[in-house]
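missing the sequence, but the structure's below:
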């Protein structure tokens, strides 16, 4: 069987050419089948892309569903109970139903946002095309949050950055509202102008902070004291809540000289910073009893609030003294121990609500900047002014009036003016674009009407010419001419 082959079923003879043709037919069938399969896949992907484009389009039901999911996720995050934390201050589910609900819902919301990201990438492309997903800054923000959620779900949730990213989810709602996006875009566009305003604001703050450092440094620590000088702490009674404390204070009030901390005067104008006894001897285990019924700061100068004599519970007249836990050079008089008040002893003169717990003062440049900034926000500025009046002079009223008028009403409003101007400019641009579009539309309509009229004119001329040709070519016209 050199020239032919016997078919195993039909026992017929099959030539080599026929066998080669059968193989080619099978290859053609396989190729056409593969082409048909690839065509099905391309059609499916094309339809799926069109489906995704329609799904993620603005105003679709899916877009509204995502907005509702973002708001719901924000509400759920707000229900977190921070009373249940571990040693690392991480939220735990055990013992808290609210934390359990937050943790379980986190999985659901993560899946929703992952699908949203997937549909948008399919509909718009990932990054290569001009209008692809990652070419939009808001989509970059969304992708960052989704990526953080995915990394957290695979066991990398121990990174605090990932937890912070998930907390930013409520900010995703900003991209859903055109008005909010326009405001943020306006703020970003005027960042250069805002930087100039902030430089001016910093200059104003620095000027008034330096004024405060010059005249009010250390003055907010002066309070009305119940003894003429600091008192040495007892060895057997260390806290104010001890039963022996009142007995000790009564003995001090009767004979303060027996409990005097240092055998020197409180302050002396002839001292220099390095020659002060409080600097040479260092902080002492002493304290200076304060009249807690009087919350005002006092003055050791020629103006301000002076500590008048008061009457104690026994009816005796007590001559009070205006003093500070620091000497006139800022050297601390006492060791900074929690005894006897339960908080640092050096803060005992200012650690009250009426004096802002001692956080607002003009002792350092940083504290002066913070205090001045609080004043120009017009939140609690009157309390600061009253402290300067009591501790220094009523001249500070004019300083604070200038500060509030210029800093609070002018400089801070410049920030609003810059942002408002950017919003107006953005609105003018939008109105200009709409006007241009309307003008283009009117021009297009005019052009269309002119073209139509020309066509109609040409059409009417063509009909007249055709009728004239029919008339002159007719036999009746020839007979009439003859």
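Great, that's in hand. These numbers were taken from a predicted model, which means no experiment stands behind them. Numbering: from 1, shown residues only.

C-alpha only now, for contacts and for neighbours.
OK.

and the end-to-end length of stretch 118-132?
Taking C-alpha to C-alpha, to the nearest Å, stretch 118-132 runs 13 Å from one end to the other.

could you give the average pLDDT over that stretch?
Averaged over stretch 118-132, pLDDT sits at 85.

check which residues of it are buried.
118, 119, 120, 121, 122, 123, 124, 125, 126, 132 (16 or more other C-alpha atoms under 10 Å).

now do the contacts for residue 392.
By C-alpha atoms under 8 Å, 6 or more residues apart in numbering, the residues touching residue 392 are 215, 216, 219, 299, 301, 303, 304.

inside strands: which ones of those residues?
Using DSSP state E, the subset of the contacts of residue 392 located in strands is empty.

mind giving me the PyMOL command for buried ones among those?
Remark: buried members of the contacts of residue 392, expressed as a PyMOL selection using 16+ other C-alpha under 10 Å:
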select buried, resi 216+219+299+304
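
so which of the contacts of residue 392 sit within helices?
The helices, defined by DSSP state H, take in 215, 216 from these.

rebuild the contacts of residue 392 as a markdown table, extending it with pLDDT.
Conversion of these to a markdown table gives the following (pLDDT from 0 to 100):
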| residue | pLDDT |
| --- | --- |
| 215 | 93 |
| 216 | 94 |
| 219 | 94 |
| 299 | 94 |
| 301 | 87 |
| 303 | 89 |
| 304 | 91 |
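
out of the contacts of residue 392, who's nearest residue 253?
residue 299 (22.4 Å; C-alpha to C-alpha).

dihedrals phi and psi, that closest one?
Dihedral angles of residue 299 (phi, psi; degrees, to the nearest 10) stand at phi -120, psi 140.

residue 91 now?
Here is the backbone geometry of residue 91 (degrees, to the nearest 10): phi -70, psi 130.

that one is in contact with residue 98, isn't it?
No. Checked against C-alpha atoms under 8 Å, the pair residue 91 and residue 98 is beyond contact range at 10.8 Å.

residue ranges of the strands in the chain, please?
Under DSSP E, the chain gives strands at 5-6, 13-14, 223-225, 231-232, 286-287, 310-311, 317-318, 321-323.

re the thing from before, closest one of the buried residues of stretch 118-132 to residue 39?
Comparing the buried residues of stretch 118-132 against residue 39 with C-alpha to C-alpha places residue 122 closest, at 18.8 Å.

pretty sure residue 387 sits against residue 297.
Yes. Contact criterion C-alpha under 8 Å: residue 387 and residue 297 qualify, at 6.3 Å.

list the residues that contact both of those two?
residue 220.

how many neighbouring residues does residue 171 have?
14 (other C-alpha atoms under 10 Å).

I misspoke; the intended subject was residue 87.
6.

quick one, phi/psi of it?
The phi/psi pair for residue 87 (degrees, to the nearest 10) is phi -70, psi -20.

pull the number of nearby residues for residue 261.
Counted with other C-alpha under 10 Å, residue 261 comes out at 20.

dump the residue contacts of it.
By C-alpha under 8 Å, 6+ apart, residue 261 lies in contact with 229, 230, 231, 232, 284, 286.

out of the residues you listed, who's the most crowded?
The most crowded member of the contacts of residue 261, judged by other C-alpha under 10 Å, is residue 230 (27 neighbours).

chain neighbours aside, what residue packs nearest to that one?
residue 288 (4.4 Å; C-alpha to C-alpha, 6 or more residues apart in numbering).

I figured the one you found was touching residue 227, is that so?
Yes. Residue 288 lies in contact with residue 227 (C-alpha under 8 Å); the separation is 7.2 Å.

tell me how many other residues crowd residue 403.
Neighbour tally, residue 403, other C-alpha under 10 Å: 23.

how about it, nearest residue that isn't a chain neighbour?
That would be residue 376: by C-alpha to C-alpha, 6+ apart, it lies 6.6 Å from residue 403.

okay, that neighbour: pLDDT?
90.

could you measure from it over to residue 409?
Residue 376 is 8 Å from residue 409, by C-alpha to C-alpha.

which one of these two is surrounded by more residues?
Between residue 376 and residue 409, residue 376 has the larger neighbour count (other C-alpha under 10 Å), namely 26 against 14.

please tell me how far that one sits from residue 41.
In terms of C-alpha to C-alpha, residue 376 sits 66 Å off from residue 41.

and for residue 82?
51 Å.

same check on residue 333?
85 Å.

cool, and residue 374?
Counting by C-alpha to C-alpha, the gap from residue 374 to residue 41 is 65 Å.

settle it for me: which of these two has more neighbours?
residue 374 (16 against 12).

so who does the more buried one touch?
Applying C-alpha under 8 Å, 6+ apart, the residues near residue 374 are 380, 381.

measure it to residue 383 for me?
11 Å.

next one: residue 144
Per C-alpha to C-alpha, residue 144 is found 45 Å from residue 383.

next, the buried residues of stretch 404-424.
404, 407, 408, 411, 412, 414, 415, 418, 419, 422, 423.

residue 270 and residue 280, how far apart?
The value you get for residue 270 to residue 280, if C-alpha to C-alpha is used, is 15 Å.

nothing else from me, thank you.
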